[in-house]
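J.: from the sequence below, what's the structure:
(chains A, B and C)
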Amino acid sequence: MPELPEVEAVAQTLRPLVLGKKIRCVHVFHPIGVKPQKSAFLAQNAEGQTIRRVTRHGKYLLLELDRGLLSLHFRLDGQLLWFSNARELEVNANRPPHNVHVDVAFEFNRGVLGFADRRHLGRVHVFESRNVGSGLRSLGIDALSKEFSAKQFAQLLSQSRRPLKEFLLDQTRVAGIGNIYSCESMWHAKIDPRRHADSLTKKEAARLHKAIVSVLRRALECCLRPAPDFRDPSWWFQGLEKILRAYGLEDQPCRRCEKPIRRIEQGGRSTYFCATCQK
DNA sequence: CCTGCTACCTGATGGC
DNA sequence: TGCCATCAGGTAGCAG
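T.: Reported below is the predicted structural model:
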């Protein structure tokens, strides 16, 4: 559930399910999912606590407890699953013929929340506060927060000479933008991903800021309709393809100028863009 | 501090 | 059909 809109949709959908519920028991089926923390540490710090708020910062989903918080990061493939009870989870997960890998589960009085990830790259951690944990602590401004203004964005851009694409993926500057929506935002703003961040004019920075916010809002609407279905392990966000204009469209004609979309590599990741209308 | 590289994992896909 | 290479919406950790 990779980028900000997907995580926000999950947060909104999850909120009514877990708010005010007490974590009766934590199950760690695959310890890699809590690494580098220990299973016992997670259990000790989460069991018996009630979920007071469900929030999000960048791509991190945060379950705030009476004391401390749970930090869930889905990386590339992580997802949440909901089971009626521990028995249902036991029957349906982590055993053939089902292909459902629940690494960590939180059991409530009614219902169980599972964190599943077949690649085991996603992580569940427990922290005293948001200021602990390297990834979470160093996150920049959330791209859908009030603090993310055009002025603030221009300021951040001016402080970096990295290629724009790499700058947008840097979660310590602006949090929440990933590979898809960085490409989409730059396409909408008509700016070349290879430009250095500090080379953007104020006007271009403002255009890109606007593009980022509208791309993320649009994607969030898509992610909420239909809303995530935690009861279906095969569920995934649908319909996002129809809003994409660059990502994954190598060799297909640009929707503005008809020239083929190009794919290049930046920082070890694919960038899709139109070399003709993105300057 | 910054930047760039690799590791971490599994599964889907396409070429031969 | 099988085998191999490549790709995937991400980040942590490390060296320089």
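
J.: could you list the contact residues of the stretch 151-279 of chain A toward DNA strand C?
T.: A:169, A:171, A:178, A:179, A:180, A:236, A:237, A:240, A:268, A:269, A:270 (C-beta under 7 Å from any atom of the strand). Heads up, the C-betas are built off the backbone N, CA and C, glycines and all.

J.: which ones among those residues map onto helices?
T.: A:169, A:179, A:180 (DSSP state H).

J.: out of those residues, which is nearest to residue A:191?
T.: residue A:169 (15.0 Å; C-beta to C-beta).

J.: list the contacts of the closest one.
T.: Residue A:169 makes contact with A:177, A:178, A:179, A:182, A:267, A:269 under the criterion C-beta atoms under 8 Å, 6 or more residues apart in numbering.

J.: ok so, going back, in JSON lines, list the residues of the stretch 151-279 of chain A next to DNA strand C along with pLDDT.
T.: Shown next, in JSON lines, are these (pLDDT from 0 to 100):
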{"residue": "A:169", "pLDDT": "97"}
{"residue": "A:171", "pLDDT": "97"}
{"residue": "A:178", "pLDDT": "97"}
{"residue": "A:179", "pLDDT": "97"}
{"residue": "A:180", "pLDDT": "96"}
{"residue": "A:236", "pLDDT": "90"}
{"residue": "A:237", "pLDDT": "92"}
{"residue": "A:240", "pLDDT": "90"}
{"residue": "A:268", "pLDDT": "92"}
{"residue": "A:269", "pLDDT": "95"}
{"residue": "A:270", "pLDDT": "95"}
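
J.: the closest residue to residue A:59 other than its chain neighbours: which element?
T.: Closest residue to residue A:59 apart from its sequence neighbours, by C-beta to C-beta, 6 or more residues apart in numbering: residue A:7 at 5.2 Å. Using DSSP states H and E, residue A:7 maps to helix A:4-18.

J.: buried subset of the residues of the stretch 151-279 of chain A next to DNA strand C as a ChimeraX selection?
T.: ChimeraX command restricting those to the buried ones, with burial defined by 16 or more other C-beta atoms under 10 Å:
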select /A:169,171,178,179,180,237,240
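
J.: what's the closest of the residues of the stretch 151-279 of chain A next to DNA strand C to DNA strand B?
T.: The closest of those to DNA strand B turns out to be residue A:268 (C-beta to the nearest atom of the strand; 4.6 Å).
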